[in-house]
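Asker: Output the structure for:
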Amino acid sequence: MDASEKMDGMQKHVRARTKQQRRIEATGQEELFVDIIDAGNSDTVDIDVVKRYWLTKLSREPRQFGHEELADMLEETNWFESNFQQAFNELIVEGKAANLDTTRKRPKRPVHFEKKERLQRTEP
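Answerer: Okay, the predicted model is just below:
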């Protein structure tokens, strides 16, 4: 998934360029803004949806989240780890979730799955 996530931007760019080329071939007319490519938002993930998903996985009782749990979440949703990290960070900021195994803020990677950190829902 790490490799796939790193290639995601490149894939979006190539898809957009291909769509643009097909439009040019179909119409026989160059586009006005050739350098501006809309990669589209169809592949983006709504962070609120990811946050709601996290809340279904978390409970008031601390629970360890390691590589196995992450793999299950990735398989269930087809999202990237960065989506889960961003959403969990927002839940922490909103006071809805906590990582019990860290005392410092980690905005980019609030969950270290390799350490099987204990996560908890902090609201009912």
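
Asker: show me where this structure has helices.
Answerer: 2-27, 47-57, 67-77, 81-93 (DSSP state H).

Asker: Which positions within the last one qualify as buried?
Answerer: Using 16 or more other CB atoms under 10 Å as the burial criterion, the residues of helix 81-93 that qualify are 81, 83-92. In this view, the C-beta of every residue, glycine as well, is placed from N, C-alpha and C.

Asker: circling back: can I get the helices of the chain in TSV including mean pLDDT?
Answerer: As requested, the helices of the chain are exported to TSV (pLDDT from 0 to 100):
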stretch	mean pLDDT
helix 2-27	73
helix 47-57	95
helix 67-77	92
helix 81-93	95
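
Asker: now for those helices, which one comes closest to Lys116?
Answerer: For these, proximity to Lys116 was assessed by CB to CB; helix 67-77 is nearest, at 8.1 Å.

Asker: How is the chain divided into domains?
Answerer: According to automatic domain parsing, the chain is divided into the following domains: 1-44, 45-124.

Asker: deepest of the helices of the chain, which one?
Answerer: helix 81-93 (a mean of 20; mean count of other CB atoms under 10 Å).

Asker: so it versus helix 47-57, what angle?
Answerer: 80 degrees (axes from the mean of the first three to the mean of the last three CA atoms, to 10 degrees).

Asker: Dump helix 81-93 to CSV, restricted to CA.
Answerer: Output in CSV follows, covering the C-alpha atoms of helix 81-93 (Å, rounded to 0.1, in the frame of the first residue of the first chain):
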residue,chain,number,x,y,z
GLU,A,81,-2.7,4.9,5.5
SER,A,82,-2.3,8.6,5.2
ASN,A,83,-6.1,8.9,5.1
PHE,A,84,-6.4,7.1,8.4
GLN,A,85,-3.5,9.2,9.9
GLN,A,86,-5.1,12.5,8.9
ALA,A,87,-8.5,11.5,10.1
PHE,A,88,-7.2,10.2,13.4
ASN,A,89,-5.3,13.4,13.9
GLU,A,90,-8.5,15.4,13.4
LEU,A,91,-10.3,13.2,15.9
ILE,A,92,-7.6,13.9,18.5
VAL,A,93,-7.9,17.6,17.8
